[in-house]
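In: Whatever this is, show me its structure:
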Amino acid sequence: MKPPLPLNLGDVLLLRKKHPCGNDTWVVIRLGADIRIRCLKCGHSVLIPRSKLERMIRKILERANENRDSRPD
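Out: Presented below is the predicted three-dimensional model:
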């Protein structure tokens, strides 16, 4: 069993299939065993099991800032 793909909140994903609105780019808005993604064109959100989403990802277009919660001293 391979380790899960490292995803962060705010990552922009390019998926293999297009959404009915014609867009294929999504942003990660919730992480866990199930991942919620939101279409960047129409705003529709979908909750997908992590294993299924990992098979659907063609490319990670943009990585979110991993240190978003850290504050400078």
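In: List the contacts of the most centrally placed residue in the chain.
Out: Residue closest to the average C-alpha location in the chain (C-alpha atoms, centre = their mean): V28, at 3.3 Å. Going by C-beta atoms under 8 Å, 6 or more residues apart in numbering, V28 touches 7-11, 13, 35-37, 64. In short, each C-beta sits where N, CA and C put it, glycine included.
In: where in the chain is pLDDT low?
Out: 66-73 (pLDDT under 70).
In: how many other residues sit next to H19?
Out: Neighbour count of H19, defined by other C-beta atoms under 10 Å: 16.
In: Please look at it and R38 and confirm they touch.
Out: No - the criterion here is C-beta atoms under 8 Å, and H19 misses it with R38 at 10.4 Å.
In: so what's in contact with those two at the same time?
Out: By C-beta under 8 Å, 6+ apart, the residues touching both H19 and R38 are 26, 44.
In: Surely R30 and R36 touch.
Out: Yes - using C-beta under 8 Å, R30 is in contact with R36, at 3.6 Å.
In: Settle it for me: which of the two has more neighbours?
Out: R36 (17 against 12).
In: Give the bridge partners for the more buried one, please.
Out: For R36, the beta-bridge partners under DSSP bridges are R30, L47.
In: Spit out the contact partners of it.
Out: By C-beta under 8 Å, 6+ apart, the contact list for R36 reads 28-30, 45-48.
In: Show me which of the residues you listed are buried.
Out: Buried residues within those, counting neighbours by 16 or more other C-beta atoms under 10 Å: V28.
In: Throw the contacts of R36 into JSON lines and include distance to M1, thanks.
Out: Formatted as JSON lines, the contacts of R36 follow (distance: C-beta to C-beta, whole Å):
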{"residue": "V28", "distance to M1": "22"}
{"residue": "I29", "distance to M1": "26"}
{"residue": "R30", "distance to M1": "23"}
{"residue": "S45", "distance to M1": "28"}
{"residue": "V46", "distance to M1": "25"}
{"residue": "L47", "distance to M1": "23"}
{"residue": "I48", "distance to M1": "19"}
